[in-house]
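S.K.: Fold the following.
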Amino acid sequence: MAHQARTAGRAIRRHWLPAAGLLLLCLAIAAALTAITPRVYQATNTVMVVTGGGTSVGTYLAADNLSMTKAEQYASIGSGPEVASIARESLSGVQVEGVSFALASGTSQIRVNGQATSPEGAVRTADAFAAALQQEVERVESLMASGGEQTEGVNNLVQLIPISSALQPTAPISPNPVRNGLIGLAAGLVLAALYIFIRSLFDRKIRSSEAVEESTGLAVLGTIPADRRLDDHRQVLDTEPARKDKQSWATAEAIRELRTNLTFSNVDSPARSIVVTSSLAGEGKSSIAANLAVAIAATGEPVILIDADLRRSVQSNMFDLPGNAGLTDLLSGAVQLDDVLQRWNPDASLFLLSAGRTPPNPSELLGSRTMKRLLAELTRDYIVVIDSPPLLPVTDASVLARNVDGLIVVAQANRTNLDDLGKAVQRLRKVDATVLGVVLNRVPRKGSSAGQYGYYSDAYYYSSDTGTKKKRSGRTSERRRAQTAAADS
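M.R.: Below you'll find the predicted structure:
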């Protein structure tokens, strides 16, 4: 139940804006219909059926029962064409919207409700139909008293007498703004709920760390916040930026956290060779591989970053190093390792082995015995980080997986499809690869969506900065008060 509540809460937070738009749209439609619907007013004229008076309690009760029975009959007569024909003669110029005849409970009274587009028209309609009903009742009772013949001057036993004339209404009965607003609100809430449910049902993008762990069974090793330097341009970041640069510091801290989590992912047998891949292209695997290698090298550990994406190599451009010769040349025997291994800068213990020339058979080259021997040789003295192609389009990463200690799968928050990620992980499991975990890239930095991925660093840095400003502001105020006091003395 708690899990379902959290899932529903995340769905509402994720889709609240279009859902709120649907709700406002329904309310706007209700308001528009209220505004364009013609106003209808209602007035009520009351008449009562009476019979001859009784001389005793028994005859009085009998007369009263007869009156109520007759009232039921004449209420139904009021809806007939005869009454309408009589009333129409006196309603010239009135737009009649409706007429109804209702019995007052427990009495012989008939309420004639007339509806029209104006208050005056409603009064005229109610009075006209009440008078028409009275005239029709007199005609029917006269025929009954004379045995079916129309006779003048017959004193009818049953009569219809007026009780109260119609009063002019002060407000229309239709449209009803409150009722229409409630209907619009109810319709909007239903549509909003349906929208959120349908979007959540068919939304397979990664929306939380929990969803990744449930879908793949893998741990989330790190959450890298969205950073324009990594999103717009592949870039190697400074591992120790200035603390005043909150965004850079938060990103660097996330990379360092990934490095730490990798260290503890397998304490008994730490990974010496790590492949960084993704399910599809464009999820930031190359940036993660490069910056992870820089972060490991910052601890003093010698690191070699191998650009094994032989189809779309980018690492030499990221480090601004020559990429004419590299891995493919080394595997083909055209060069020696020392000829193509490049140190990033004199002070760093990071070396780059670029991709080299694009071969016609990348998968066969990466799965060769020569590649296996190269990795075994390098891991004796270095931590090897390998940037490989994505898993689903090509088999390169799956081929490499058999010759390394572990793999990291990079996925982009709010973009990568859980089904694609699951297929990629399943492909690795088919070759018995050791998958160390998933790295979520471009995670939202702030708001409730950031919390769904377990990312809180920005909030920490912003809070710290805010507190610092408050303290400085307080010290400034104290200094000003002291200066004011000195001036007054």
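
S.K.: contacting residues around stretch 34-46?
M.R.: For stretch 34-46, contacts defined as C-beta atoms under 8 Å, 6 or more residues apart in numbering pick out 97-98, 104, 109-119, 121-123, 125-127, 129-130, 162-169, 171-175, 177, 180-181. To be clear about C-beta, it is placed using only N, CA and C from the backbone, and glycine gets the same treatment.

S.K.: Next step: those residues restricted to strands.
M.R.: Among these, the residues falling in strands (DSSP state E) are 97-98, 109-116, 162-164.

S.K.: Tell me the buried residues within those residues.
M.R.: Neighbour counting with 16 or more other C-beta atoms under 10 Å marks Glu97, Gln109, Ile110, Arg111, Val112, Asn113, Gly114, Gln115, Ala116 as buried within the ones in strands among the contacts of stretch 34-46.

S.K.: Could you double-check that the first one lies in contact with Thr117?
M.R.: In other words, Glu97. Yes. Look at Glu97 against Thr117 with C-beta atoms under 8 Å: they come within range, at 6.4 Å.

S.K.: Farthest-apart pair in the buried ones among the ones in strands among the contacts of stretch 34-46, please.
M.R.: Glu97 and Gln109 (23.4 Å; C-beta to C-beta).

S.K.: what helix or strand is Arg445 on?
M.R.: Counting by DSSP states H and E, no helix or strand carries Arg445.

S.K.: Name the nearest of the ones in strands among the contacts of stretch 34-46 relative to Gly333.
M.R.: Closest to Gly333, out of all of the ones in strands among the contacts of stretch 34-46 and judged by C-beta to C-beta, is Glu97, at 96.6 Å.

S.K.: Return the distance of the nearest residue to Leu91 once chain neighbours are set aside relative to Ala5.
M.R.: Distances taken as C-beta to C-beta, 6 or more residues apart in numbering place Ala128 nearest to Leu91, at 5.3 Å, with adjacent residues excluded. Per C-beta to C-beta, to the nearest Å, Ala128 is found 61 Å from Ala5.

S.K.: again, but for Arg13
M.R.: Plainly put, Arg13 is 13 Å away from Ala5 if you go by C-beta to C-beta.

S.K.: who has more neighbours, those two?
M.R.: The neighbour count for Arg13 versus Ala5, taken as other C-beta atoms under 10 Å, is higher for Arg13 (15 against 9).

S.K.: tell me the pLDDT at the more buried one?
M.R.: Listed pLDDT for Arg13 reads 75.

S.K.: Give me the distance from the helix or strand hosting it to the chain's centre.
M.R.: Using DSSP H and E, Arg13 sits in helix 2-36. Helix 2-36 sits 9 Å away from the centroid of its parent chain (C-alpha atoms, centre = their mean, to the nearest Å).

S.K.: Kindly report the same for stretch 389-401.
M.R.: 34 Å.

S.K.: Start and end of that stretch, how far apart?
M.R.: End-to-end distance for stretch 389-401, by C-alpha to C-alpha, to the nearest Å: 12 Å.

S.K.: Now do the buried residues in it.
M.R.: Buried positions in stretch 389-401, judged by neighbour count with 16+ other C-beta under 10 Å: Pro389, Pro390, Leu391, Leu392, Val394, Thr395, Asp396, Ala397, Ser398, Val399, Leu400, Ala401.

S.K.: Now the two most distant members of these.
M.R.: Counting by C-beta to C-beta, the most remote pair of those is Leu392 and Leu400, 15.0 Å apart.

S.K.: how distant is the helix or strand harbouring Met68 from the center of its chain?
M.R.: Using DSSP H and E, Met68 sits within helix 57-77. Centroid separation for helix 57-77 versus its chain: 63 Å, with C-alpha atoms, centre = their mean.

S.K.: quick one, it and strand 109-116 angle?
M.R.: Angle of helix 57-77 versus strand 109-116, following axes from the mean of the first three to the mean of the last three C-alpha atoms, to 10 degrees, is 20 degrees.

S.K.: and the next helix or strand after helix 57-77, average pLDDT?
M.R.: Next helix or strand after helix 57-77 toward the C-terminus (DSSP H and E): helix 81-88. What helix 81-88 shows for mean pLDDT is 92.

S.K.: And the contacts of helix 81-88?
M.R.: Under the contact criterion C-beta under 8 Å, 6+ apart, helix 81-88 has outside partners Ile77, Val99, Thr125, Ala128, Phe129, Ala131, Ala132, Leu133, Gln135, Glu136.

S.K.: how about those residues, which pair is most distant?
M.R.: For the contacts of helix 81-88, with distances taken as C-beta to C-beta, the pair at the greatest spread is Ile77 and Thr125 (17.5 Å).

S.K.: Neighbour count: the two, which is higher?
M.R.: For Ile77 and Thr125, the more surrounded residue by other C-beta under 10 Å is Thr125, and the numbers stand at 29 against 15.

S.K.: who's in contact with the residue lying closest to the more buried one once chain neighbours are set aside?
M.R.: Spatial nearest neighbour of Thr125, excluding adjacent residues (C-beta to C-beta, 6+ apart): Gly114 at 3.0 Å. For Gly114, the contacting residues are 42-45, 96, 98-99, 122-129, 166, by C-beta under 8 Å, 6+ apart.

S.K.: which of these are buried?
M.R.: With burial judged by 16+ other C-beta under 10 Å, the buried subset of the contacts of Gly114 is 42-45, 96, 99, 122-129, 166.

S.K.: with these in mind, which one is nearest to Thr328?
M.R.: Using C-beta to C-beta, those come closest to Thr328 at Gln42, 89.3 Å.

S.K.: just how off-centre is the host helix or strand of the closest one within its chain?
M.R.: Using DSSP H and E, Gln42 maps to strand 41-50. The chain centre lies 54 Å from the centre of strand 41-50; the measure is C-alpha atoms, centre = their mean.

S.K.: neighbouring strands for it, and are they parallel or not?
M.R.: Taking DSSP bridges as the criterion, strand 41-50 sits next to strand 109-116 (antiparallel), strand 159-164 (antiparallel) in its sheet.

S.K.: Pull that strand out as CSV, backbone CA atoms only.
M.R.: The C-alpha coordinates for strand 41-50 follow below in CSV (Å, rounded to 0.1, in the frame of the first residue of the first chain):
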residue,chain,number,x,y,z
TYR,A,41,-36.9,32.4,-15.2
GLN,A,42,-39.7,30.6,-13.4
ALA,A,43,-42.8,31.9,-11.7
THR,A,44,-45.5,29.8,-9.8
ASN,A,45,-49.3,30.3,-9.7
THR,A,46,-51.2,28.1,-7.2
VAL,A,47,-54.8,27.0,-7.7
MET,A,48,-56.8,24.6,-5.5
VAL,A,49,-59.6,22.1,-6.3
VAL,A,50,-62.6,22.4,-4.0
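
S.K.: State the mean pLDDT of it.
M.R.: Averaged over strand 41-50, pLDDT sits at 94.

S.K.: thinking again about what came up before, dump the contacts of helix 81-88 into CSV; add distance to Leu327 as well.
M.R.: Compiled in CSV, these are given as follows (distance: C-beta to C-beta, whole Å):
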residue, distance to Leu327
Ile77, 101
Val99, 92
Thr125, 94
Ala128, 100
Phe129, 97
Ala131, 104
Ala132, 102
Leu133, 102
Gln135, 107
Glu136, 105
